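>>> give me a model of this one.
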Amino acid sequence: MKIFIYASILAVVLCREFRQLPEDKTCPDLELKVLNDVYCQKGEKPHCLMDDQHRHGVVCVKERDIQAGYCPYYNNAKSAMEVRPCKGDECPLKKFTSTAAVKYPGCYEDYRSGSRNFSDSGLWCQFNTSSLICVIMVIFLLLFPLLLLN
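Model (predicted):
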């Protein structure tokens, strides 16, 4: 039982989670202080993005350059930030860093057209390959002494 509890705690710690904003909040309205208060793993920065289901939320991913006319969004199925063409007005006219997407309301145009989805809690937990391997190794290390005792 203890092993299951330890493994569960480790899985929660290693979880890359898309944290959906409350229904009345959008990324362009979010104060930058809120993003600065989010703790991310080394090499990652907090981003306020729309996900592939048109929900606004915060996620920790590596910052990258985005070309003019495109916007970053979070792909839940791949547990990764991707880019797509910007829609509407106020799109980026020059290259920018992904964390600066909140400066461009056009990057959130799908929300403004009323397609936002609130059908679930918005909590997503996908593992990248290295996190999954780490979890398996920790579980094995926890189980190995028990196997030796039998």
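
>>> ok, now how distant is the residue nearest to Phe96 when sequence neighbours are not counted from Leu49?
In space, and not counting its chain neighbours, Phe96 is closest to Ile66: 5.6 Å by C-beta to C-beta, 6 or more residues apart in numbering. In short, each C-beta sits where N, CA and C put it, glycine included. The gap separating Ile66 from Leu49 is 11 Å, by C-beta to C-beta, to the nearest Å.

>>> for the residue nearest to Cys27 when sequence neighbours are not counted, helix, strand, or coil?
Excluding the flanking residues, the one nearest Cys27 by C-beta to C-beta, 6+ apart is Cys48, at 3.9 Å. The three-state label given to Cys48 by DSSP: H, G, I helix; E, B strand; the rest coil is strand.

>>> run a quick neighbour tally on Cys48.
26 (other C-beta atoms under 10 Å).

>>> from now on call the first residue 78
Got it, first residue is 78 now, which makes that one Cys125.

>>> who's in contact with it?
98, 104, 107, 112, 133-135, 178-179 (C-beta atoms under 8 Å, 6 or more residues apart in numbering).

>>> show me the contacts for the spatially closest residue to Leu170 that is not a sequence neighbour.
Once flanking residues are discounted, Leu170 sits nearest to Ala145: 5.6 Å by C-beta to C-beta, 6+ apart. By C-beta under 8 Å, 6+ apart, the contact set of Ala145 is 169-173.

>>> and if you look at Cys168?
By C-beta under 8 Å, 6+ apart, the residues touching Cys168 are 146, 148, 181, 183-184.

>>> so which of those residues is the closest to Val160?
Checking these against Val160 by C-beta to C-beta gives Cys148 as the nearest, at 6.6 Å.

>>> so that closest one touches Tyr181, yeah?
Yes. Shown here, Cys148 and Tyr181 form a contact pair, counting by C-beta atoms under 8 Å, at 6.7 Å.

>>> neighbour count winner among those two?
Neighbours were counted for Cys148 and for Tyr181 using other C-beta under 10 Å; Cys148 has more, 24 against 21.
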